[in-house]
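> sequence first, then the predicted structure, then my questions.
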Amino acid sequence: MLVQTPALFNAVKGWLYLSAVVTLLIGTVLVYELGTSLIPIGCLGVVIVLTYTRQLNKLPWLCAIAPGVGFGVLMSVGGYLTQNAPASMLIWLVSFVSLFPINNLLIVNQLPDIEADRQGGRRHLAIAYGDDMAITVYSVFLLLAIILLISLVVSAMLPVVSLLTLMPLLLGVVALTKLIELKKNIRRSPKTMAMVVACANLTPLVLSLTLWFK
């Protein structure tokens with residue numbers, strides 16, 4: 001939007017500063033009310049936001065996991081802690097089920113923009129190692145999410161009903177066949193890109209709903 005309407009720069013910059021101040025105030029209140037356990041999560045989130053565009057975008061592997069860490073792990077664990085619940089290994093493991101499909105959403109969105117991103121100085125997986133490697137990482141992330149989910153259910157750390165989370169994850173599996181076929185031309189299949197979006201968004205939603213049965 002800014003590229004097309006540069007006159008909006010100052011307005012966007014103002015909203016950026018306002019959002020940062022509001023976020024800081026909310027974080028301060030939460031730490032005051034709930035304790036210092038939220039500080040590392042908040043600080044890591046701020047570091048990801050501040051370094052993503054200029055630093056992380058040039059480091060392929062860190063760039064690949066940054067969205068999953070932010071939206072999958074930090075938000076899940078942070079939200080859990082705000083409920084005054086004690087930190088546990090389970091919540092960290094559960095958050096990783098969301099981490100992988102969220103990472104995959106970024107990988108797929110980067111495929112059509114390889115040339116534009118390269119010209120912009122970025123160096124994500126598809127630029128550094130090629131689209132085949134990016135799709136391989138997508139496959140591994142998806143497999144890890146499925147294995148982790150099933151393992152947590154088999155070990156009775158999650159209820160059996162949590163296997164319903166496999167349904168949105170399978171959307172990612174269906175999308176994989178088109179990804180292998182189209183690669184960086186994946187925009188030719190909006191349906192496939194929509195399935196990857198659904199996989200990333202519905203996986204944490206369905207999993208969280210099934211936890212009511214825990």
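Everything's here; your move. Computed from a prediction, not measured in an experiment: that's the story for all the values here.
> give the contact list for the residue lying closest to Ser189 once chain neighbours are set aside.
Nearest residue to Ser189, sequence neighbours excluded (Cβ to Cβ, 6 or more residues apart in numbering): Lys178, at 5.1 Å. (C-beta placed from N, C-alpha, C; glycine too.) By Cβ atoms under 8 Å, 6 or more residues apart in numbering, the contact list for Lys178 reads Ile186, Ser189, Thr192.
> what mean pLDDT does the helix or strand encompassing Lys178 get?
If you go by DSSP states H and E, Lys178 is part of helix 166-182. Helix 166-182 carries an average pLDDT of 95.
> repeat for stretch 81-95
Averaged over stretch 81-95, pLDDT sits at 86.
> what's in contact with that stretch?
30, 34, 37-38, 41, 72-73, 76-77, 80, 148, 152, 157-158, 207, 211.
> and the very next helix or strand once past the helix holding Lys178, how far out from the chain middle?
Next helix or strand after helix 166-182 toward the C-terminus (DSSP H and E): helix 190-210. Counting by Cα atoms, centre = their mean, to the nearest Å, helix 190-210 is centred 11 Å from the centre of its parent chain.
> which strands and helices sit next to helix 190-210?
For helix 190-210, the elements it packs on are helix 89-110, helix 166-182, judged by 3 or more Cβ pairs under 8 Å, 6 or more residues apart in numbering; DSSP states H and E.
> among those, which is nearest Leu144?
Evaluated over the helices and strands packed on helix 190-210, closeness to Leu144 peaks at helix 89-110, with 5.4 Å, by Cβ to Cβ.
> in the helix or strand that the closest one is followed by, what's buried?
Heading C-terminal from helix 89-110, the first helix or strand you meet, by DSSP H and E, is helix 114-119. By 16 or more other Cβ atoms under 10 Å, the buried positions in helix 114-119 come out as Ile114, Asp117.
> what do you get for stretch 20-30?
Result for stretch 20-30 [16+ other Cβ under 10 Å]: buried residues Gly27, Leu30.
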